[in-house]
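> Task: produce atomic coordinates for the following.
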Amino acid sequence: MADNEQKAMQLMAEAEKKLSSSKTFFGSLFGGSSKVEEAVDCYLRAANLFKMAKKWAQAGQAFCAAANLHLKAGVRHDAATNYVDASNCYKKCDPNVLTFVKSLTTQYQHQEVSSAKQDVCILPNNYMTLRKIPFCLRLKIRFSKG
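Numbers count the residues shown, from 1 in each chain. I've put the predicted structure just below:
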């Protein structure tokens, strides 16, 4: 398992390197978008390796990083899929997140969107100490557009 975790960390570093090289002037001229796509692929592979190593928080972070890049590229469906994968990982490492996500999902399915939006606005205050802010912000974006 440590081997999977180590490979995942290397992939995360590789993704960061690809992103930084795509931001340079020449990088943006010569294949900057392909570098971003390669970075997304690295993040997704890292997330799956973290899952195999049962490092749920790190897997969630990798899925969120891939989702952020998909959003910037305008690929909302893939971003949403990555956020769902991230939330599934976060649910496994914190049972409080599982309860809260179930609550939001139920409210959203029953068209109680205004109630779900209010709950999401409260969430960052409750999870500030648990460092779940990136996850909370993703939920807030999802429900504010829905």
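> Going by C-alpha atoms from here, please, whenever you check contacts or count neighbours.
Will do.
> Mind splitting the protein into its structural domains?
For the chain, automatic domain parsing gives the domain ranges 1-87, 94-146.
> Could you identify which of the ones you listed has the lowest mean pLDDT?
Sorting these by mean pLDDT places domain 94-146 lowest, at a mean of 52.
> For the nearest residue to residue 8 once chain neighbours are set aside, which residues are in contact?
Leaving out its chain neighbours, the residue that sits closest to residue 8 by CA to CA, 6 or more residues apart in numbering is residue 46, at 4.2 Å. Contacts for residue 46 (CA atoms under 8 Å, 6 or more residues apart in numbering) come out as 7-9, 11-12, 59, 62.
> what does residue 49 give?
Taking CA under 8 Å, 6+ apart as the test, what residue 49 contacts is 4-5, 7-8, 59.
> can you check residue 39 too?
So residue 39 contacts 14-16, 18-19, 66 (CA under 8 Å, 6+ apart).
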